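>>> 3D, please:
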Amino acid sequence: MPIPTPHITAKAGDYAKTVLMPGDPLRAKFIADNYLENPKKVNEVRGMLGYTGTYNGKPVSVQGSGMGVGSMGIYSYELFNFYDVDNIIRIGSAGALDLNLNLGDIIIGLGACTDSDYAKQYKLPGHYAPTCSYELLCKVQEAAKMTEQPIHVGNVLTTDVFYHDESHALKYWVKMGILGVEMEAAGLYMNAARAGKNALCMCTISDVIFTDQAMSAKDREKSLTKMMDLALTMLLVE
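The predicted structure follows:
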């Protein structure tokens with residue numbers, strides 16, 4: 001498919017090799033405005049904002065993905081396959097399933113269990129296990145040491161359903177040691193695998209499932225900033 005695509009109006013070369021991908025396009029704008037040097041807006045189709053600039057001299061882009069595997073599937077596919085992006089780092093929020101986690105903790109999706117049928121398109125003779133890039137996993141661990149930011153690494157659950165008809169559905173995943181639930185990682189990991197590229201999902205715990213614990217708007221802004229710092233520090237890891 002030639003570029004621009006139906007969802008991205010950027011020109012060839014407008015995206016850096018590494019893209020930070022929050023679900024919320026306004027979070028992409030926040031990163032561009034507050035962290036990047038000389039940011040340039042490269043996309044605004046459907047309000048899904050994208051920017052490219054540098055961080056400590058390192059080229060980096062930020063691009064909103066929207067919510068859910070479907071939307072993540074579109075944007076990550078186009079970036080990997082049409083815009084020559086090599087690395088996508090999802091920076092989002094998640095609900096804790098592991099009760100040892102606290103609000104504001106950062107989790108890294110080593111693997112992404114899912115109730116999505118996204119993998120059916122590949123016609124595999126079995127069940128695919130979406131996992132992150134080992135290269136990016138090593139970099140985030142090093143970045144965590146550099147910033148003295150604790151992280152929790154393990155499996156996450158990517159679900160297609162935010163309002164589930166069965167109120168206890170998530171409890172089945174707790175016994176398998178799942179850290180938290182979010183809505184995009186599995187689709188991102190599958191697109192990366194198919195394209196031979198790298199992907200990583202990091203999420204800030206914004207609420208604890210099965211309890212009434214949830215971040216206030218002020219706490220959410222502060223905690224997400226820690227995650228942004230961690231993601232950007234990854235660029236400095238050789």
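
>>> so what pLDDT did the closest residue to A12 other than its chain neighbours get?
Leaving out its chain neighbours, the residue that sits closest to A12 by CB to CB, 6 or more residues apart in numbering is I3, at 6.1 Å. The way it works is simple: take the backbone N, C-alpha and C, and place the C-beta from them, glycine included. Model confidence at I3, expressed as pLDDT, equals 89.

>>> now do the contacts for L101.
The contact partners of L101, taken as CB atoms under 8 Å, 6 or more residues apart in numbering, are 107, 152, 179-180, 205, 208.

>>> sec struct for the residue nearest to A12, please.
coil (DSSP: H, G, I helix; E, B strand; the rest coil).

>>> re the thing from before, and which of the contacts of L101 is nearest D160?
G180 (15.9 Å; CB to CB).

>>> count of neighbours near the closest one?
Per other CB atoms under 10 Å, the neighbour tally for G180 reads 27.

>>> using the three-state scheme, assign the residue nearest the centre of the chain.
Taking CA atoms, centre = their mean, the centroid of the chain lies closest to R90, which sits 1.6 Å from it. On the three-state scheme (three-state DSSP), R90 is labelled strand.

>>> what packs against the lengthiest helix in the chain?
Among the segments of the chain that qualify as a helix by DSSP state H, the longest is helix 217-233. Counting by 3 or more CB pairs under 8 Å, 6 or more residues apart in numbering; DSSP states H and E, the packing neighbours recorded for helix 217-233 are strand 18-21, strand 87-96, strand 106-114, helix 134-147, strand 198-208.

>>> now render those as CSV, adding mean pLDDT.
Output for those, formatted as CSV (pLDDT from 0 to 100):
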stretch, mean pLDDT
strand 18-21, 98
strand 87-96, 97
strand 106-114, 98
helix 134-147, 98
strand 198-208, 97
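
>>> closest to S71 out of these?
So among these, strand 18-21 is nearest, using CB to CB, at 10.7 Å.

>>> summarise which helices and strands the closest one is packed against.
Against strand 18-21 (3+ CB pairs under 8 Å, 6+ apart) you get strand 58-63, helix 68-82, strand 87-96, helix 217-233.

>>> can you name the next helix or strand after that strand?
helix 25-34 (DSSP states H and E).

>>> show me what counts as buried in the very next helix or strand once past that following helix.
Toward the C-terminal end, the helix or strand that comes next after helix 25-34 (DSSP H and E) is strand 37-43. By 16 or more other CB atoms under 10 Å, the buried positions in strand 37-43 come out as 39, 42-43.

>>> kindly report the same for stretch 167-177.
For stretch 167-177, by 16+ other CB under 10 Å, it's 170, 173.

>>> and that stretch, what's its mean pLDDT?
91.

>>> kindly check the end-to-end length of that stretch for me.
19 Å (CA to CA, to the nearest Å).

>>> can you tell me which helix or strand of this structure has the lowest average pLDDT?
Every helix and strand of the chain was ranked by mean pLDDT, DSSP states H and E. The lowest is helix 217-233, at a mean of 86.

>>> in space, what's closest to the residue nearest to the centre of the chain - neighbours in sequence excluded?
Per CB to CB, 6+ apart, closest to R90 is C201, 4.3 Å.
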